[in-house]
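Asks: one predicted model, sequence on top.
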Protein chains: 2
Amino acid sequence: MTLVERLVLGDRLALARILTQVENDTPDGRQALSLLYSRTGHAHLIGVTGAPGTGKSSLVNRLAMYFRGQNARVAIAAVDPSSPFTGGAVLGDRVRMKDLAGDDGVFIRSMASRGALGGLARATAAIVQIFDAAGYDIVFIETVGAGQGEVDIARLAHTTLVVEAPGLGDDIQAIKAGILEIADILVVNKADRPGAENTEKALRSVLEIASTRITAGRHHGRMMPTAAAAAASDGVWITPIQRTVSLDGQGIPELASKISEHRTYLQHSGRWRDREHARVSGQVEDILQQSLLHQFHSALPKRRYNEIMQQVFDKHLSPPEAVDLLINAAAQTEGADMALRATLPKASRSRRPK
Amino acid sequence: MTLVERLVLGDRLALARILTQVENDTPDGRQALSLLYSRTGHAHLIGVTGAPGTGKSSLVNRLAMYFRGQNARVAIAAVDPSSPFTGGAVLGDRVRMKDLAGDDGVFIRSMASRGALGGLARATAAIVQIFDAAGYDIVFIETVGAGQGEVDIARLAHTTLVVEAPGLGDDIQAIKAGILEIADILVVNKADRPGAENTEKALRSVLEIASTRITAGRHHGRMMPTAAAAAASDGVWITPIQRTVSLDGQGIPELASKISEHRTYLQHSGRWRDREHARVSGQVEDILQQSLLHQFHSALPKRRYNEIMQQVFDKHLSPPEAVDLLINAAAQTEGADMALRATLPKASRSRRPK
């Protein structure tokens, strides 16, 4: 039996091996992605992001346990774009194990950055797809920091949680304002600490500024939960704020039900499909870009490439002028053969050209 | 007189306008970059990164004033990848103005992210090039956060400062370990605060772990300044740690001389040229990628593209299968004409295809 067949039957070891292949972007991994693609589109992808120190990991743990209690199968992709060289993400695994170890309905995968950020977003998208195909109902995408890179990764999700906590520094406020705009649900975690009220107030005022700017005249501000739920089923989503204490589980059921409400909203409003399409389109564009670049480099002899680059180093050519020359050179080398090259067999294509 | 001619003569207004064109990636901006490229390669590019709350902006201010005192012309590119939608970076401008306003030898430019991170790194690279061509001796590239995105931007620099401060949260430690590996100089800012000694110790131990891992047997640990300087001129760079208090300027002259030592080291060891070449190569690859993608989309009718994407949305095709089909379709539509398309006139090329 192939690994893919074993994965489909629920074999965790096969899943782990395919995840590694996919993360390393091996030919086997690419083939698995291709074979499993038709099984995707069912999982609810939940992005969790926020500044360091807000307790995202414990929060995801708690939510995972809660959804397990409702019989959902849960996967967690913990992504650490900030520390390309350390095992920070791996540590997260071990901490979690206490709570979730031995539960066959939970699968946790940690990924650290390996160089370029684009590569990590791509690998995360692929891993999430494998979880989806493997039948996990809920997939958390948890990022470590709160930078633009994390935002890009969180954007893979259907529902994005932005987590805050009382008592973080002033500079954090600046980050917050940007990241708020991608939040579907705001969480004030560690809400038992002093200052939780102020954190919530600050979030609410930033939310109001944002919503005033975006939809002039739209009703905003504090809404009753039932009113918010009604608005959601009407096709309007008003970003709610939920307080939680992930240490003892306070607010977790309420947060989980807001997550479910958001899913309902997405499905009823057609935005579930929109987000799926946007994600898949991005993936196709990404592979396309890598393929075109690979084709180009196959067509142009390395020697000619280096000659042109030397002229750039020597300041005889500017970068855009060099690109014109490079493309001309590739076209002349291969001429009409470019069309032939377009039909290169799959096996010889690589998504990671040098 | 053209804007580019005026810039070369030192006209600040022309510089500001070209920076805007370049940041917006307009045809005029691309032309300016091309025309000015031969004038680049002289500025010392200094990246400054580190977690929020470490006081990077004040530190850059102090360093800028110090180098001004040595008659260097100084430019600052303040990059805020974390808050795509807010004016955080602009605020930085106003705070700085108090210290540096009215000084013709200083130019400050703030940039906030506008969507994709790649776009921001590209815009930063371009802006730094314009500063270089405009005759600024020192160009600071200051980033707001400490994520991978910031690391990518800091990598544009010849010399990278990683700034820490006492009393930041525990999660920060995880970030630190990753970012340390790109540090040419470590700065413990706010060194008048309690805990500065511990922060320095923590940095030193992480440095030692890193250097043990990288070069087994290489001498490391605390070195006397003169010994470090001697090592630098021998072609070995041992990451120094410098304490500063940017509020009152303590440690700034020492930090500035470490920066100058690093420049000497880069030039003597040949790494200055290596870093220049790596940066320029990345830039060429980037423009190349955009051009190839643009060519592809010009060759393939939108209707055919959408048909294939619909099959992906319907799960009849996986993304890699779709890319094969798309490339075939483009090749068939245009056939040998691909070669012709390779010579598209510059004006019709865009680095930002839809």
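Replies: On my side now, so go ahead.

Asks: report pLDDT for the closest residue in space to residue A:50 that isn't next to it in sequence.
Replies: Nearest residue to residue A:50, sequence neighbours excluded (CB to CB, 6 or more residues apart in numbering or on different chains): residue A:163, at 3.4 Å. Where you see a C-beta, it was placed from the backbone N, CA and C, and this is true even at glycine. Predicted confidence (pLDDT) for residue A:163: 88.

Asks: please apply the same query to residue A:335.
Replies: 48.

Asks: again with the one 10 residues further on
Replies: Reported pLDDT at residue A:345 in the predicted model: 35.

Asks: leaving out chain neighbours, which residue sits closest to residue A:329?
Replies: Nearest one to residue A:329, counting by CB to CB, 6+ apart, is residue A:304 at 5.4 Å.

Asks: my read: that neighbour touches residue A:328, true?
Replies: No - with contacts counted by CB atoms under 8 Å, residue A:304 stays clear of residue A:328, the gap being 10.6 Å.

Asks: can you give me phi and psi for residue A:2?
Replies: Residue A:2 adopts backbone torsions of phi -80, psi 160, taken as degrees, to the nearest 10.

Asks: for chain A, which helix is longest?
Replies: Longest helix in chain A by number of residues (criterion: DSSP state H): helix A:271-299.

Asks: which secondary structure elements does the helix or strand following it contact?
Replies: Following helix A:271-299 in sequence order, the next helix or strand is helix A:302-313 (DSSP states H and E). Contacts defined by 3 or more CB pairs under 8 Å, 6 or more residues apart in numbering or on different chains; DSSP states H and E place helix A:302-313 against helix A:319-334, helix B:271-299.

Asks: farthest residue from the center of chain A?
Replies: In chain A, the residue that sits farthest from the middle, by CA atoms, centre = their mean, is residue A:316; the gap is 41.9 Å.

Asks: and that one, how far from chain B?
Replies: 8 Å (CB to the nearest CB, to the nearest Å).

Asks: what sits against that residue?
Replies: Residues in contact with residue A:316, defined by CB atoms under 8 Å, 6 or more residues apart in numbering or on different chains, are residue B:38.

Asks: now with 7 Å?
Replies: Under the criterion of CB atoms under 7 Å, 6 or more residues apart in numbering or on different chains, residue A:316 has no neighbours.

Asks: name the element the residue nearest to the spatial centre of chain A belongs to?
Replies: Taking CA atoms, centre = their mean, the centroid of chain A lies closest to residue A:153, which sits 3.1 Å from it. Assigning secondary structure by DSSP H and E places residue A:153 in helix A:148-154.

Asks: low-confidence bits of the stretch 51-200 of chain A, can you list those?
Replies: Where the stretch 51-200 of chain A drops to pLDDT under 70, the residues are A:80-101, A:112-119, A:144-152, A:154, A:168-180.

Asks: so who does residue A:329 touch?
Replies: A:300, A:304, A:308.

Asks: what about the last one, neighbour count?
Replies: Neighbour count of residue A:308, defined by other CB atoms under 10 Å in any protein chain shown: 20.

Asks: please name the nearest non-neighbouring residue to residue A:282.
Replies: Nearest to residue A:282 is residue A:125, by CB to CB, 6+ apart, at 7.8 Å.

Asks: wait, a strand at the one you found?
Replies: No - membership of residue A:125 in a strand is not supported by DSSP: H, G, I helix; E, B strand; the rest coil, which gives helix.

Asks: what separation do you get for it and residue A:73?
Replies: Residue A:125 sits 20 Å away from residue A:73, going by CB to CB, to the nearest Å.

Asks: which of the two has more neighbours?
Replies: residue A:125 (23 against 20).

Asks: re the thing from before, is it true that the residue nearest to residue A:50 touches residue A:59?
Replies: Yes - at 6.2 Å, residue A:163 and residue A:59 qualify as touching, with contact defined as CB atoms under 7 Å.

Asks: quickly list what's touching both of these two.
Replies: Going by CB under 7 Å, 6+ apart, residues that sit against residue A:163 and also against residue A:59 are A:48, A:187, A:189.

Asks: in strands, which of those appear?
Replies: A:48, A:187 (DSSP state E).

Asks: name the nearest of the shared contacts of residue A:163 and residue A:59 relative to residue B:236.
Replies: Closest approach between the shared contacts of residue A:163 and residue A:59 and residue B:236, by CB to CB: residue A:48, at 43.2 Å.

Asks: tell me, how many residues neighbour the closest one?
Replies: Residue A:48: 26 neighbours (other CB under 10 Å).

Asks: and the residue nearest to residue A:50, how many neighbours?
Replies: 26.

Asks: now it: how far from chain B?
Replies: 12 Å.

Asks: and what of residue A:141?
Replies: Per CB to the nearest CB, residue A:141 is found 16 Å from chain B.

Asks: am I right that that residue sits in a strand?
Replies: Yes - Residue A:141: assigned to a strand according to three-state DSSP.

Asks: not counting its neighbours along the chain, what's nearest it?
Replies: Closest to residue A:141 by CB to CB, 6+ apart is residue A:47, at 4.7 Å.

Asks: in chain A, which spans are strands?
Replies: A:44-50, A:74-80, A:106-112, A:138-143, A:159-164, A:185-188, A:241-243.

Asks: turn those into JSON lines, including distance to residue A:120.
Replies: Shown next, in JSON lines, are those (distance: least, CB to CB, whole Å):
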{"stretch": "strand A:44-50", "distance to residue A:120": "14"}
{"stretch": "strand A:74-80", "distance to residue A:120": "7"}
{"stretch": "strand A:106-112", "distance to residue A:120": "7"}
{"stretch": "strand A:138-143", "distance to residue A:120": "10"}
{"stretch": "strand A:159-164", "distance to residue A:120": "17"}
{"stretch": "strand A:185-188", "distance to residue A:120": "24"}
{"stretch": "strand A:241-243", "distance to residue A:120": "28"}
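
Asks: contacts only, for residue A:19.
Replies: Contacts of residue A:19 by CB under 7 Å, 6+ apart are A:109, A:127, A:130.

Asks: by neighbours, which of those residues wins?
Replies: Most surrounded of those: other CB under 10 Å gives residue A:130, at 28 neighbours.

Asks: which residues sit in contact with residue A:279?
Replies: A:125, A:156.

Asks: apply 10 Å and report the result again.
Replies: Counting by CB atoms under 10 Å, 6 or more residues apart in numbering or on different chains, residue A:279 makes contact with A:45, A:125, A:128, A:129, A:155, A:156, A:157, A:158.

Asks: ok, so what distance separates it from residue B:306?
Replies: Taking CB to CB, one finds residue A:279 at 17 Å from residue B:306.

Asks: tally of neighbours for residue A:26?
Replies: Using other CB under 10 Å: residue A:26 sits among 12 other residues.

Asks: ditto for the one 3 residues further on
Replies: Close neighbours of residue A:29, defined as other CB under 10 Å, add up to 22.

Asks: roughly how far apart are the closest residue to it other than its chain neighbours and residue A:14?
Replies: Distances taken as CB to CB, 6+ apart put residue A:21 closest to residue A:29, at 3.4 Å, once the chain neighbours are dropped. Residue A:21 sits 11 Å away from residue A:14, going by CB to CB.

Asks: now do residue A:65
Replies: 25 Å.

Asks: tell me which of the two has more neighbours.
Replies: residue A:14 (20 against 16).
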